[in-house]
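Enquirer: please find the sequence and the predicted model below.
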Amino acid sequence: MKGIEVARLCHVSTSTLKHYEEWGLVPEVPRAKNGYREYSKVHAAYFQCIVKMNIGFGMQFVREIMPLIQEGEFMPVLWKINQAQTELQKERHQAEQVVAMLDVEEVEWFERSRKKKEYYTIGEVAEIAGVATSAIRHWENEELITPMRNQESGYRMYSPQDVRRILIIRTVSRAAWSLDVVREVLSETEHQHIKRAKELAIQSLEYIDHKLIARMKAITALNALLDLISPEEDVWRENPSGSYAYYCDEKK
């Protein structure tokens, strides 16, 4: 096959194919007597897999697995993909929780309140948020909040903005996430209305769904490549018998 034919098949430029070759992502391409590259069906399958995997998993991931595939190390590749899919599932679950948690009527109620004070005591904040004062002190120690101090008494003084942050921290913390995730949510809501943060979380869900579709298409291309290059004796060629065969053997 000519380079232009492979490029059209993969919907990329011929220069992109050459980059993939230079990076060692495909087997060495032989050349004809005239010096032109001669691509085989195997090379075309490699390139198709690379393009699809790049869309679904990113080029860094592609550069990790393609050399393994060339070495016949298929199982490590499959487990890397399985791990990446597990992480994507976790990412979506977290995004779903953010969407649910940012639907916080209590936070918006406090923002609309006409009876706001200039400052609140820690006891008043604990009552508003429905948490123990020790929890508020812990969040302060973790630098999630930084209340002012009364210069004379040394008591903590919480502004309405502090109370709003505490309400959000309380809500996110109920999901038993790490404090790093709490900080991330706070960062999203710091300079934006909480409804905007929820919109961003919904957009992230849509992005994750599209990434899943791209990954499934990439896995299809990978399967086609492995079917083409795996030797007959490779475990990839085996048909998993599953539990049914196990029970059949037991009966025998």
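Expert: On my side now, so go ahead. Predicted model only: the values in this text are computed from it and were never measured.

Enquirer: tell me the pLDDT of the residue nearest to Arg31 when sequence neighbours are not counted.
Expert: Of all residues not flanking Arg31 in the chain, Arg37 sits nearest, at 5.8 Å (Cβ to Cβ, 6 or more residues apart in numbering). Where you see a C-beta, it was placed from the backbone N, CA and C, and this is true even at glycine. Residue-level confidence at Arg37 comes out at 90, pLDDT.

Enquirer: could I get the contacting residues of Arg37?
Expert: 3, 29-31 (Cβ atoms under 8 Å, 6 or more residues apart in numbering).

Enquirer: same check, this time on Glu5
Expert: Tyr39.

Enquirer: thinking again about what came up before, turn the contacts of Arg37 into JSON lines, columns for secondary structure, distance to Met216 and neighbour count.
Expert: As requested, the contacts of Arg37 are exported to JSON lines (DSSP: H, G, I helix; E, B strand; the rest coil; distance: Cβ to Cβ, whole Å; neighbours: other Cβ atoms under 10 Å):
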{"residue": "Gly3", "secondary structure": "helix", "distance to Met216": "28", "neighbour count": "20"}
{"residue": "Val29", "secondary structure": "coil", "distance to Met216": "29", "neighbour count": "17"}
{"residue": "Pro30", "secondary structure": "coil", "distance to Met216": "33", "neighbour count": "10"}
{"residue": "Arg31", "secondary structure": "strand", "distance to Met216": "36", "neighbour count": "10"}
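
Enquirer: and the residue lying farthest from the centre of the chain, its phi and psi?
Expert: No residue in the chain sits farther from the centre than Glu152, which is 48.8 Å out by Cα atoms, centre = their mean. Per-residue torsions, Glu152: phi -90, psi -50 (degrees, to the nearest 10).

Enquirer: now do it against Pro160, distance only.
Expert: Noted for Glu152: a distance of 22 Å to Pro160, by Cβ to Cβ, to the nearest Å.

Enquirer: check Asn239 too.
Expert: From Asn239 to Pro160 the distance is 65 Å (Cβ to Cβ).

Enquirer: now swap in Val182 and tell me
Expert: Val182 is 20 Å from Pro160, by Cβ to Cβ.

Enquirer: who has more neighbours, those two?
Expert: Neighbour count, other Cβ atoms under 10 Å: between Val182 and Pro160, Val182 has more, with 20 against 15.

Enquirer: what's the helix or strand for the more buried one?
Expert: helix 179-190 (DSSP states H and E).

Enquirer: what is the following helix or strand past that helix packed up against?
Expert: Next helix or strand after helix 179-190 toward the C-terminus (DSSP H and E): helix 194-229. Secondary-structure packing of helix 194-229 (3 or more Cβ pairs under 8 Å, 6 or more residues apart in numbering; DSSP states H and E): helix 41-57, helix 59-70, helix 74-101, helix 105-112, helix 179-190.

Enquirer: and if we set it to 10 Å?
Expert: helix 41-57, helix 59-70, helix 74-101, helix 105-112, helix 160-173, helix 179-190 (3 or more Cβ pairs under 10 Å, 6 or more residues apart in numbering; DSSP states H and E).
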